[in-house]
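>>> Test case, fold it:
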Amino acid sequence: MKKYLHFANSTSEIHFVPASSLVEMEMDGSGTALDLRFNSQGGGASGAGVEAEVALTINDNKGKEVMEAIAKEIRIGREPVITIADDGNSDYLVSDITAVSGMTLLRIL
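Prediction:
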């Protein structure tokens with residue numbers, strides 16, 4: 001089954017990205033942000049061909065737990081649409097995600 005990751009930081013900026021295009025998850029040095037990077041090839045070297053990026057605000061030093069939850073839901077979840085973060089509805093995959101702090105779509109995937 002093809003799965004999509006759902007992100008929304010307002011009612012006007014909503015994106016669905018194929019889970020297969022996720023190529024990197026990286027926590028920042030402060031431990032309060034997690035960046036997810038995507039490309040249309042669904043793989044490849046880190047940073048190579050990145051076509052979209054979503055920045056999440058997370059609870060202090062919970063990056064590992066958030067990354068594990070995202071990976072687990074992609075791997076064994078039963079729903080084709082996985083809401084990672086929806087600020088408009090206060091709906092988050094796990095309670096350690098607190099907001100979408102930015103979305104950059106360089107190209108429609």
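
>>> centre of the chain versus stretch 55-70, how much separation?
Chain-centre distance of stretch 55-70: 10 Å, with C-alpha atoms, centre = their mean, to the nearest Å.

>>> contacting residues around the residue nearest the centre of the chain?
Central residue of the chain (C-alpha atoms, centre = their mean): Leu36, 5.0 Å from the mean position. For Leu36, the contacting residues are Leu5, Leu22, Glu24, Met25, Glu53, Val54, Ala55, Leu56, Ile70, Ile84, by C-beta atoms under 8 Å, 6 or more residues apart in numbering. In this view, the C-beta of every residue, glycine as well, is placed from N, C-alpha and C.

>>> Hmm, the fifth one is touching Thr104, no?
When you say that, I think you mean Glu53. Yes: using C-beta atoms under 8 Å, Glu53 makes contact with Thr104 at a distance of 4.7 Å.

>>> Which of these two has more residues huddled nearby?
Glu53 (16 against 12; other C-beta atoms under 10 Å).

>>> what bridges to that one?
Arg37, Thr104 (DSSP bridges).

>>> could you measure it against Ile76, distance?
25 Å (C-beta to C-beta, to the nearest Å).

>>> quick one: the helices in the protein?
63-76 (DSSP state H).

>>> show me where pLDDT drops low in it?
11, 40-50, 106-109 (pLDDT under 70).

>>> rerun at 90
Residues of the chain that meet the criterion pLDDT under 90 lie in 1, 10-15, 28-31, 40-52, 103-109.

>>> residues in contact with Gly88?
Contacts of Gly88 by C-beta under 8 Å, 6+ apart are Ala8, Asn9, Ser10, Thr11, Ile14.

>>> which of these sit farthest apart?
Largest separation among the contacts of Gly88 by C-beta to C-beta: Asn9 and Thr11, giving 9.5 Å.

>>> Tell me which of these two has more neighbours.
Asn9 (20 against 10).

>>> Does the more buried one touch Thr104 like I think?
No: assessed by C-beta under 8 Å, Asn9 is found out of contact with Thr104, at 11.5 Å.

>>> which neighbours do the two share?
Common neighbours of Asn9 and Thr104 (criterion: C-beta under 8 Å, 6+ apart): none identified.

>>> Cool, thanks, talk later.
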